[in-house]
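sequence and predicted structure are below.
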Amino acid sequence: MEPDTITTVINSPENWVRFLAIIISVVIAILVLLANQYFANKRERKKIVCEKIEEFYEASISYTKACDELITDIQLMKYKRESGYYDNDPVIYSQLVDSLIKMEMLQGLYFPNMDFKKEDYSINKMPIIWDAISGEMARRTSDVESSYKQSRKHVEVSSEHFREICISLMQKTKI
């Protein structure tokens, strides 16, 4: 097209209205596309956060179950050696450690402001386990009943704390 033809097309009132309608349609289409993308990303992010909260809760249940099983094994003298010392079931102990690692990873990646410190849930927080594996129980140099109570209390408090964390996370994401 020659330059005069473009000027003629734009100068024509009918063509100017068509040109303006096309520009408005393109702008609206772009805005709709951007809004759609924004809401799709927001929905997908919320879905991922919900899945991660669920994973954290499942890991906390696994942790609580492993703690309970380790304590119960000691009560039942399931892994008592002839020397009187105890061993932990390596599978259960591994579940405890794995669940703590998973909760720590989820906190670091998705919930950095969450009130969770891995050290607060270490096996050392259950004195009956230390008494059993160190020989304190076999030598009768520890208050076994008190150690059991403290260890069971740790499991109960941990379970409640994890439940509160998950409820808080769900409320923050408005599930």
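Here it is on my side, so go on. Residues are numbered from 1 along each chain as shown.

for residue 138, list the residues it contacts.
Counting by Cβ atoms under 8 Å, 6 or more residues apart in numbering, residue 138 makes contact with 83-85. Bear in mind the C-beta positions are built from the backbone N, C-alpha and C, glycine included.

remind me, longest helix of this protein?
For the chain, the longest helix by residue count, based on DSSP state H, is helix 13-75.

quick check on the contacts of residue 138: which are buried?
Of the members of the contacts of residue 138, the ones counted as buried by neighbours, 16 or more other Cβ atoms under 10 Å, are residue 85.

closest to residue 28 out of the contacts of residue 138?
Within the contacts of residue 138, proximity to residue 28 (Cβ to Cβ) peaks at residue 85, which comes in at 76.0 Å.

which residue packs closest to that closest one, ignoring adjacent ones?
Excluding the flanking residues, the one nearest residue 85 by Cβ to Cβ, 6 or more residues apart in numbering is residue 135, at 5.0 Å.

same check, this time on residue 104
Of all residues beyond its chain neighbours, the one nearest residue 104 is residue 118 (4.7 Å), with distances taken as Cβ to Cβ, 6+ apart.

show me what contacts residue 153?
By Cβ under 8 Å, 6+ apart, no residues touch residue 153.

and it, what pLDDT?
In the prediction, the pLDDT value recorded for residue 153 is 95.

can you list the weak-confidence ranges in the chain?
1-10, 175 (pLDDT under 70).

swap in 50 and give it another go.
Counting by pLDDT under 50, the chain contains low-confidence residues at 1.

what's the local residue count around residue 127?
Other residues near residue 127 come to 19 when the count uses other Cβ atoms under 10 Å.
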